[in-house]
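Asker: just need the structure, nothing else, for what follows:
(chains A, B, C and D)
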Protein chains: 2
Amino acid sequence: MTTIKDIAKIAHVSPATVSRILNGSKPVSADVRERVESAIKKTGFRPNNVARSLILKRSSTLGVLMTDISNIYYSKMIRGIEQAAYDNGYAIMLADSNFDHEMELKYLDLMQEKCVDGVIICTKEIPDQFDEFFRKSKMPVVFTNRKNPKYYTVSVDNYKMAYEAVTYLIDNGHEKIGCIYAHLEDLDSGLDRYEGYKKAMKERKLKRNPLLEAEGDFSIESGYNAMNKILTSTQDITAVFAACDEMAFGAISCIIDHNLKVPDDISVIGYDDIRYAEYFRPSLTTVHQPIYEIGVKSVQVLLNLVQKKEIEKRNLMDASLKIRDSVRMLSK
Amino acid sequence: MTTIKDIAKIAHVSPATVSRILNGSKPVSADVRERVESAIKKTGFRPNNVARSLILKRSSTLGVLMTDISNIYYSKMIRGIEQAAYDNGYAIMLADSNFDHEMELKYLDLMQEKCVDGVIICTKEIPDQFDEFFRKSKMPVVFTNRKNPKYYTVSVDNYKMAYEAVTYLIDNGHEKIGCIYAHLEDLDSGLDRYEGYKKAMKERKLKRNPLLEAEGDFSIESGYNAMNKILTSTQDITAVFAACDEMAFGAISCIIDHNLKVPDDISVIGYDDIRYAEYFRPSLTTVHQPIYEIGVKSVQVLLNLVQKKEIEKRNLMDASLKIRDSVRMLSK
DNA sequence: TGACATTAGGAAAACGTTTTCCTAATATAT
DNA sequence: ATATATTAGGAAAACGTTTTCCTAATGTCA
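Answerer: Residues are numbered from 1 along each chain as shown, chains lettered A, B, ... in the order given. Got it, this is the predicted structure:
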């Protein structure tokens, strides 16, 4: 393995000079530069980033901790994170906790050992141990899809957008509107979307019917099961708001399995606008979240944090309703 | 930041002893161990992995290079990789090239600088520069979904499984069978699946019709467009084999947009068995690839390589046909 | 008891960088 | 021409570990 010392020897300079040329940290005369550069070219030398990290006390690596990277929603966000990190000269260390808190903590320890410069986290909850970890370690951290005021966050206004989605159903003449919600135990996105649904119903003076509401866990399966629970108790329903697209798809499959049609018999509206939403039939009317951009933004926030710049704690991204074919206008 | 020296001071031992306790590399008396362990507990000391990597010349990190991690297929594989890596004490450095060769090479350089112990690659092609890179760097590498004899690979027998899929269509009475293929310029999975289709047709003495074949690029959109090309030239077709599920879904959407039904008018068979295949309606008959397990296996192969153990070059995983609702039996 | 083997643990070098502190040479001002 | 400021570049310490080589103490055997 060629090192900076080898280059120094070949070019008849000191290692310090090679380092300075590599990093442009000090001016260097033309002929010395020329000698060093040709030595580098000849040997194919690449500086050892590990040694560099050791002395600089930063690794140019960002940790990313998610609960399930095979979820299309998260993987899109990771892609945004990855691209933005790369553009800023950072690499990504990826961790998937599979919804396991203990594993999440182990990963945080590991990331600390590896000296990552900061972490981006999107997990189901923020347990107390996280608070303790970040208090102790002082590691810069950004949470996505959160609004916890203790932390820097990047998200969408879930409350407002869920409200808009349900209002759209009401504007289309729907009154018997169901809701498939998720993760209420937590303070964040799941609950906010549910609250948005409630607000829209209340504001338009519509009575909520407990039979039309069921809980899922953001998975397709759970969407299917939730819808099944609703349809086996009553079929007096014309529309349903699902708190994410995956659950919406599950609900649609269930509706079809009950020999009903979307949107003819039941309209469905989702949340997220994952890639498939546009491509399935019927295409899914849903709240478009700028998932990729949330990833990009979270890197920007994190890097500002790393560089100790002032930055907004709560970062809201614009979302919008994407109208497609899964909701129909109800004629009186 | 607490270091091994701080612990040494607190416990009145040498740094060497602390290191030996940390790694269990040499026996240590009970009272010394006790002193050191309590010092570690008290300070919350975590060893610095970067310093460790520098001296050991390995980082306990594996590089993963993909063309598009937001693709559900790859993200599932990454999850397998991630879990297997973690179980073996390795972290993952993730890179997404967005199909850009130049970027792929930059990432490989970066991974080398970061001293990853090996890489797992799943890109569209293996350009010559890769050969050069791996020849020069001696970096252990495993390619997934490949059969290039120059490299260690983990994949499924695409030729055989495509053959089985098309044979299944024929066994169900189909004769006018279309094909949406992809990536023929390459030696690997795309071409193999196409060849499997051809073999099945030939073996059962069915004439291929050029109008029923169209090229895509593994994306939903391209599946839609390919099917559209076929259906606008002829509707004399009863089944289509798509070289991946995404293209199959695109094809289904297109068929529906042509006011035809799946499987009533046209049967569709896919390849991959991505998570949505089971959950959409009609559920998709497809070749089940053990995607997660391919990820796990590729880590195992890579770690064997890292440890210079003998191992098979080409590793084939079992695949199987998953029969669902998108193919119907054609009555004579 | 004496000779030797085994053991626990320390001192210091090593890993490949960056950076501080120098020094010698040159440029600038008087 | 002299005094001073500026510059390019070198020597060596530093980062936090691991490991080699020692040494002193203990254990074992005759």
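Asker: which residue sits closest to the residue nearest the centre of chain A, ignoring its sequence neighbours?
Answerer: The residue at the geometric middle of chain A, judged as the C-alpha nearest the mean C-alpha position with C-alpha atoms, centre = their mean, is A:Met77 (4.5 Å). Once flanking residues are discounted, A:Met77 sits nearest to A:Gly295: 4.2 Å by C-beta to C-beta, 6 or more residues apart in numbering or on different chains. Just so you know, the C-beta spots here come from the backbone N, C-alpha and C atoms, and that holds for glycine as well.
Asker: give me every residue that touches the one you found.
Answerer: Listed by C-beta atoms under 8 Å, 6 or more residues apart in numbering or on different chains, the contact set of A:Gly295 reads A:76-84, A:120, A:144.
Asker: doesn't A:Cys115 belong to a strand?
Answerer: No. Counting by DSSP: H, G, I helix; E, B strand; the rest coil, A:Cys115 is not found in a strand; it is coil.
Asker: quick one, what contacts it?
Answerer: For A:Cys115, the contacting residues are A:53, A:57-59, A:61, B:48-50, by C-beta under 8 Å, 6+ apart.
Asker: filter these down to the buried ones.
Answerer: Among these, those classed as buried by neighbour count (16 or more other C-beta atoms under 10 Å in any protein chain shown) are A:53, A:59, A:61, B:48-50.
Asker: from these, which land in strands?
Answerer: Members of the buried ones among the contacts of A:Cys115 lying in strands (criterion: DSSP state E): A:Thr61.
Asker: tell me which two in the buried ones among the contacts of A:Cys115 are the farthest apart.
Answerer: A:Thr61 and B:Asn48 (13.9 Å; C-beta to C-beta).
Asker: returning to that earlier point: could I get the buried ones among the contacts of A:Cys115 as TSV with distance to B:Ser267 and pLDDT?
Answerer: Output for these, formatted as TSV (distance: C-beta to C-beta, whole Å; pLDDT from 0 to 100):
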residue	distance to B:Ser267	pLDDT
A:Ser53	56	96
A:Ser59	53	94
A:Thr61	48	97
B:Asn48	59	96
B:Asn49	54	96
B:Val50	56	96
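Asker: now, the buried ones among the contacts of A:Cys115 that are in helices?
Answerer: If you go by DSSP state H, the buried ones among the contacts of A:Cys115 have A:53, B:49-50 in helices.
Asker: closest to A:Glu125 among these?
Answerer: B:Asn49 (27.2 Å).
Asker: can you tell me the closest non-neighbouring residue to that closest one?
Answerer: Of all residues not flanking B:Asn49 in the chain, A:Glu113 sits nearest, at 4.1 Å (C-beta to C-beta, 6+ apart).
Asker: just to check, the one you found is in contact with B:Ser53?
Answerer: No. If you go by C-beta atoms under 8 Å, A:Glu113 and B:Ser53 don't touch, sitting 10.2 Å apart.
Asker: ok, the residue in the stretch 101-250 of chain A that DNA strand D sits nearest to to B:Lys198 distance?
Answerer: The stretch 101-250 of chain A approaches DNA strand D most closely through A:Glu113 (8.5 Å), counting by C-beta to the nearest atom of the strand. Using C-beta to C-beta, to the nearest Å, A:Glu113 is found at 53 Å from B:Lys198.
Asker: quick one, helices of the stretch 201-332 of chain A?
Answerer: A:220-233, A:245-257, A:276-279, A:291-306 (DSSP state H, counting those that start in this stretch).
Asker: I'd like those helices laid out as a markdown table, including distance to DNA strand C and mean pLDDT.
Answerer: What follows is those, written out as a markdown table (distance: least, C-beta to the nearest atom of the strand, whole Å; pLDDT from 0 to 100):
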| stretch | distance to DNA strand C | mean pLDDT |
| --- | --- | --- |
| helix A:220-233 | 48 | 97 |
| helix A:245-257 | 45 | 96 |
| helix A:276-279 | 45 | 93 |
| helix A:291-306 | 16 | 97 |
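Asker: which of those is buried the deepest?
Answerer: Comparing the helices of the stretch 201-332 of chain A by mean neighbour count (mean count of other C-beta atoms under 10 Å in any protein chain shown), helix A:245-257 ranks first with a mean of 26.
Asker: does chain B sit close to that helix?
Answerer: Yes. Interface with chain B: helix A:245-257 contributes A:249-250, A:252-253, A:256-257 (C-beta under 8 Å from any C-beta of the partner chain).
Asker: and stretch A:317-325, by the same measure?
Answerer: No. On the criterion C-beta under 8 Å from any C-beta, stretch A:317-325 is out of touch with chain B, staying 10.8 Å away.
Asker: mind listing what's buried along that stretch?
Answerer: A:317, A:319, A:321-322, A:324.
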